[in-house]
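K.L.:
starting from these lines, generate the structure:
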Amino acid sequence: MKSKAQFSINLKLVLICSFFLGILLLIMRSSFSSFEPSIPGIHLSNSTNHAQEPQLTTTSSACSSVVTATCNKTPPSLANALIHYATTNITPQQTFSEISVSARVLAKKSPCNFLVFGLGHDSLMWTSLNHGGRTVFLEEDKAWIGQILERLPTLESYHVEYDTKVHQADELMKIGMEEECKTVSDPRFSKCQLALKNFPNEVYDMEWDLIMVDAPTGWFDNAPGRMGAIYTAGLMARNREEGETDVFVHDVDRVVEDKFSNAFLCEGYLREQEGRIRHFNIPSHRTRQGRTFCP
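P.N.:
Now for the predicted structure:
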């Protein structure tokens, strides 16, 4: 008889593989749908003799050849992720339901620009789900970056430092309520003490379609806390040229993540909460003059 531990591991592998296969099917369906109408004079032909192999046949009299659709190959990044998670017993910090909140948005927006606060066991998954896009990770622990990149060298990660502490949260909340923190600008030039200004310039220069705040450490008083990360994510979203940014905050069961996400990402922009994750959709404030910081 298998032990409970073995059963748990096998169940986890089945769920992870099913999740990635589902995303793969979405990618293939999206790619195939966008491919079909872009070629004039071509239509799908499904004969009974080739039920497993959709074909593209031309209607032009000048060409009678048959071209087989080549949309059934697994993207390398997704294949690597399947192998990685199928051969490890380490479970990502987010639950299946929590991951699904972000995955649904990625399925619609990818390939896109995705900024993640934190580098962890789920980083390869985010990069793979954003296949063809750019996924960047900001991590506070330099040694941890080395460990992760030794096993997963294709990830793009930068070491960043934070000068706040969780025990300063109440004071920083008061500062965040001041008028200078309600002014939308590039975080590098913001007068608000909550704005993080020591990231690589390319982080500020990029317009991010998704931002995940799952770092820095925030579970004890002397940890950096996510006060600045949450505020800066919201500022980047508002300061983009146009469009909207989906911002996700994990661990909202904790006081800092709960209060700061509601205050600076705004309850009016809240779209969904599942377990310990919240999803906000924040529009550009540069395309509409006079828009208030929170709706």
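K.L.:
start and end of stretch 144-161, how far apart?
P.N.:
One end of stretch 144-161 sits 13 Å from the other (CA to CA, to the nearest Å).
K.L.:
quick one: buried residues of it?
P.N.:
145, 148, 149, 152, 155, 157, 160 (16 or more other CB atoms under 10 Å). (Glycine included, C-beta is placed from N, CA and C.)
K.L.:
if you look at the residues you listed, which of them are in strands?
P.N.:
Among those, DSSP state E puts residue 157 in strands.
K.L.:
out of the buried residues of stretch 144-161, who's nearest residue 283?
P.N.:
residue 160 (26.4 Å; CB to CB).
K.L.:
could you check how far the residue nearest to the closest one when sequence neighbours are not counted is from residue 209?
P.N.:
Excluding the flanking residues, the one nearest residue 160 by CB to CB, 6 or more residues apart in numbering is residue 138, at 4.8 Å. Distance of residue 138 to residue 209, computed by CB to CB, to the nearest Å: 16 Å.
K.L.:
helix, strand, or coil at the nearest residue in space to residue 132 that is not next to it in sequence?
P.N.:
Nearest residue to residue 132 in three dimensions, chain neighbours excluded: residue 111, at 3.4 Å (CB to CB, 6+ apart). At residue 111 the chain is in coil, as set by DSSP: H, G, I helix; E, B strand; the rest coil.
K.L.:
which pair in the buried residues of stretch 144-161 spans the largest distance?
P.N.:
Pairwise over these, using CB to CB, the maximum falls at 152 and 160, 18.7 Å.
K.L.:
pull the number of nearby residues for residue 212.
P.N.:
A count of nearby residues for residue 212, using other CB atoms under 10 Å, gives 24.
K.L.:
contacts for stretch 247-267, please.
P.N.:
93-94, 98, 101-102, 166, 169, 173, 176-177, 194, 210-214, 218-219, 225-227, 230-231, 233-234, 237, 270, 273, 276-282, 293-295 (CB atoms under 8 Å, 6 or more residues apart in numbering).
K.L.:
whichever of the residues you listed end up buried, select them in PyMOL.
P.N.:
The buried residues among the contacts of stretch 247-267 can be selected in PyMOL (16+ other CB under 10 Å) with this line:
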select buried, resi 94+98+101+102+166+169+173+176+194+210+211+212+213+214+218+225+226+227+230+231+233+234+237+276+277+278+279+280+282+293
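K.L.:
which of the contacts of stretch 247-267 fall in strands?
P.N.:
210, 211, 212, 213, 270, 273, 277, 278, 279, 280, 281, 282.
K.L.:
closest one of these to residue 245?
P.N.:
Closest to residue 245, out of all of those and judged by CB to CB, is residue 282, at 5.3 Å.
K.L.:
how much space separates the closest residue to that closest one other than its chain neighbours from residue 231?
P.N.:
For residue 282, ignoring the flanking residues on the chain, the nearest one in space by CB to CB, 6+ apart is residue 237 at 3.8 Å. Taking CB to CB as the measure, residue 237 falls 11 Å from residue 231.
K.L.:
what about stretch 156-165, start to end distance?
P.N.:
26 Å.
K.L.:
please read the previous query as pertaining to stretch 209-222.
P.N.:
By CA to CA, the extent of stretch 209-222 from end to end equals 31 Å.
K.L.:
now do stretch 179-189
P.N.:
15 Å.
K.L.:
which parts of that stretch are buried?
P.N.:
Quick answer for stretch 179-189 (16+ other CB under 10 Å): 181, 184, 185, 187.
K.L.:
what is the nearest of these to residue 243?
P.N.:
residue 184 (14.6 Å).
K.L.:
now do the contacts for that closest one.
P.N.:
By CB under 8 Å, 6+ apart, the residues touching residue 184 are 235, 238, 239, 285, 286, 293.
K.L.:
residue 190: how many residues sit nearby?
P.N.:
20.
K.L.:
thanks again, I'm all set now.
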